[in-house]
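*Asks:* Fold the following and give me the result.
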Amino acid sequence: MQQAVPVRQDDTVVRWVDLPDHRAWLAGALADQLRSGRGFPAAGGGAHYLDDEGRPDLSRPVHTWVTARMAHVYGLGHLAGLPGTRALAAHALAGLRGPLHDAEHGGWYASVGPGDERDTTKAAYAHAFVVFASATGSVAGLPGARDLLDDALEVLDTRFWEDGPGLHLDAVSADWSQVSVYRGVNANMHSVEALLAAADATGDERWRRRAGRIAATVLGWAAGNDWRIPEHFDAEWQPQMEHHRDEPDHPFEPYGATVGHGLEWARLALHVRAALGDEAPAGLLEGAQGLFERAVADGWAADGEDGFVYTTDWEGRPVVRQRMHWVLAEAVGAAAALGAVTGERRYEDWYRTWWDYASEHVVTPQGSWIHELDPQNRPAGTVWPGRPDLYHSVHAVLLQRLPLAPTAPTALAAGLLR
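*Replies:* Have a look, this model is predicted:
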């Protein structure tokens, strides 16, 4: 079993991200990933779901969330100076301005195709990614991106935001008449990063403050639950701790504690803290550390094999033991962020350990990431077949070369990439 190996025998920490060769390796990994995903464009705009070989899976619809993620990462590629990425980002954005947009009622369908059918559900998760993608596109100067961002922010604000609890509801019918009774943390998590990016792109501080409010609420719930985040709620925002016990490997709403979300929230809390400065909610650093420690203790090699399990029960026992690439990506990002803020060597130890694991099990010779492994670290596809997008893995090789604030698109545009 791989354990975090001390960086040095004294108290001096040499961070890999400070070494030119490691930064060059990360830059090469970013270019490799964006090269591996170039087959995504769908006719008329948008992004196909990709299979294990990076080919479009034409049996699946074109999803808003996949399209927005690809628009975002290829927009980052353009801002980072990688030739050929601008046109791909613009093509994905065209899908959000065209076939995926509901011209009658506003907002975005969950998906369209592969024939003429549409999933007309309006999901906060997908709408958060439309905000994120259009914020990146606005900073990158992509056609129509700023109008798209203004539209997406208005929809997220007027159709999904519940000001009483200070959170976004989850899903609404196509004509906005029927609201799902389910409430969830996942959509709110992605709304935090989207709103931070939107604040940077527009200069409107209310989005940054809203992100801080969401983060403080979720970290408060986690603090009261031994740093395992309650994920699922009813319409009154009462926790539903047994949600999907009979479907524990649900790709978006799994039962129990989702290890990767603890790591992702740890990183996001530090972005919020950096973005808001003196106005940040109290306790974000301590919360990030609590979430990180809990996720690592519960999730890493929890069943005797290297890798992070997908979920645990509320006592920290593994439930779904599949290893998801996105959990590893968020672990790398959280370790890098906490190491940058605290200077503590344990975070650098884990950062190195997880990149070694990724190199051995997850990153292919072509530079793409295997999205799911079984408990023995063999390629699998029971929860996430194929390799639908590059969002988490691109963040894993890019964010540690940028400051925690401003957000990645604005930092890249300002020349802050190391």
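*Asks:* quick one: low-confidence ranges for the protein?
*Replies:* 1-11 (pLDDT under 70).
*Asks:* And the strands in it?
*Replies:* 62-63, 111-112, 118-119, 122-123, 161-162, 167-168, 171-172, 183-184, 232-233, 257-258, 311-312, 323-324, 372-373 (DSSP state E).
*Asks:* For A215, find the nearest of the ones you listed.
*Replies:* Among the strands of the chain, the nearest to A215 by Cβ to Cβ is strand 167-168 (10.8 Å). Backbone N, C-alpha and C define where each C-beta goes, glycine included.
*Asks:* hmm, back to that, out of the strands of the chain, which is closest to A411?
*Replies:* Minimum separation from A411 across the strands of the chain (Cβ to Cβ) falls at strand 167-168, 25.4 Å.
*Asks:* what does the closest one contact?
*Replies:* 124, 128, 156, 160-162, 183, 187-188, 191, 214, 217, 237 (Cβ atoms under 8 Å, 6 or more residues apart in numbering).
*Asks:* Type out the PyMOL command that picks the buried ones from these.
*Replies:* Of the contacts of strand 167-168, the buried ones can be selected in PyMOL as follows, counting by 16 or more other Cβ atoms under 10 Å:
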select buried, resi 124+128+156+160+161+183+187+188+191+214+217
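*Asks:* G75: which of the contacts of strand 167-168 is nearest?
*Replies:* Closest to G75, out of all of the contacts of strand 167-168 and judged by Cβ to Cβ, is A128, at 15.9 Å.
*Asks:* before we move on, back to that, kindly reformat the strands of the chain as JSON lines and extend each row with distance to A334.
*Replies:* Below are the strands of the chain laid out as JSON lines (distance: least, Cβ to Cβ, whole Å):
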{"stretch": "strand 62-63", "distance to A334": "26"}
{"stretch": "strand 111-112", "distance to A334": "30"}
{"stretch": "strand 118-119", "distance to A334": "32"}
{"stretch": "strand 122-123", "distance to A334": "26"}
{"stretch": "strand 161-162", "distance to A334": "27"}
{"stretch": "strand 167-168", "distance to A334": "22"}
{"stretch": "strand 171-172", "distance to A334": "28"}
{"stretch": "strand 183-184", "distance to A334": "21"}
{"stretch": "strand 232-233", "distance to A334": "22"}
{"stretch": "strand 257-258", "distance to A334": "14"}
{"stretch": "strand 311-312", "distance to A334": "17"}
{"stretch": "strand 323-324", "distance to A334": "15"}
{"stretch": "strand 372-373", "distance to A334": "20"}
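*Asks:* nearest to D147, of those strands?
*Replies:* Of these, nearest to D147 by Cβ to Cβ is strand 122-123, at 19.4 Å.
*Asks:* Parallel or antiparallel, list what pairs with the closest one.
*Replies:* strand 171-172 (antiparallel) (DSSP bridges).
*Asks:* starting at the chain centroid, how far to the strand it pairs with?
*Replies:* Chain-centre distance of strand 171-172: 20 Å, with Cα atoms, centre = their mean, to the nearest Å.
*Asks:* Neighbours of P83, how many?
*Replies:* For P83, the tally of surrounding residues (other Cβ atoms under 10 Å) stands at 9.
*Asks:* ok, it to H101 distance?
*Replies:* 29 Å (Cβ to Cβ, to the nearest Å).
*Asks:* sorry, back to before: and of the contacts of strand 167-168, the nearest to V272?
*Replies:* I214 (8.7 Å).
*Asks:* for that closest one, what are its contacts?
*Replies:* I214 neighbours (Cβ under 8 Å, 6+ apart): G166, L167, H168, N188, S191, V192, L195.
*Asks:* hang on, the earlier thing: closest one to Q400 among the strands of the chain?
*Replies:* Nearest of the strands of the chain (Cβ to Cβ): strand 323-324, 20.1 Å.
*Asks:* Mind giving me the packing neighbours of that closest one?
*Replies:* Where contact means 3 or more Cβ pairs under 8 Å, 6 or more residues apart in numbering; DSSP states H and E, strand 323-324 is packed against strand 372-373.
*Asks:* hmm, who's touching the strand it packs on?
*Replies:* Residues from elsewhere that reach strand 372-373 (Cβ under 8 Å, 6+ apart): 307, 322-325, 361-362, 379-385.
*Asks:* Figure out how far that strand is from the centre of its chain.
*Replies:* Taking Cα atoms, centre = their mean, one finds strand 372-373 lying 17 Å from the centre of the chain it belongs to.
*Asks:* H72: neighbouring residues, count only.
*Replies:* Neighbours of H72 (other Cβ under 10 Å): 32.
*Asks:* Make sure A275 is actually in contact with A198.
*Replies:* No - shown here, A275 and A198 do not form a contact pair, counting by Cβ atoms under 8 Å, at 11.5 Å.
*Asks:* residues contacting L285?
*Replies:* Counting by Cβ under 8 Å, 6+ apart, L285 has contacts A269, L270, R273, V341, T342.
*Asks:* Of those residues, which belong to helices?
*Replies:* A269, L270, R273, V341, T342 (DSSP state H).
*Asks:* Any figure for the gap between D32 and A295?
*Replies:* For D32, the distance to A295 - Cβ to Cβ - is 27 Å.
*Asks:* neighbour count winner among the two?
*Replies:* Shown here are D32 and A295; by other Cβ under 10 Å, A295 has more neighbours (29 against 19).
*Asks:* which residue packs closest to the more buried one, ignoring adjacent ones?
*Replies:* G262 (3.6 Å; Cβ to Cβ, 6 or more residues apart in numbering).
*Asks:* right, and that neighbour touches N225 too?
*Replies:* No - the pair G262 and N225 does not pass the contact test of Cβ under 8 Å, sitting 10.8 Å apart.
*Asks:* Helices of the stretch 251-400 of the chain, residue ranges please.
*Replies:* Ranges of helices in the stretch 251-400 of the chain, per DSSP state H, counting those that start in this stretch, are 259-276, 284-299, 325-342, 345-361, 391-398.
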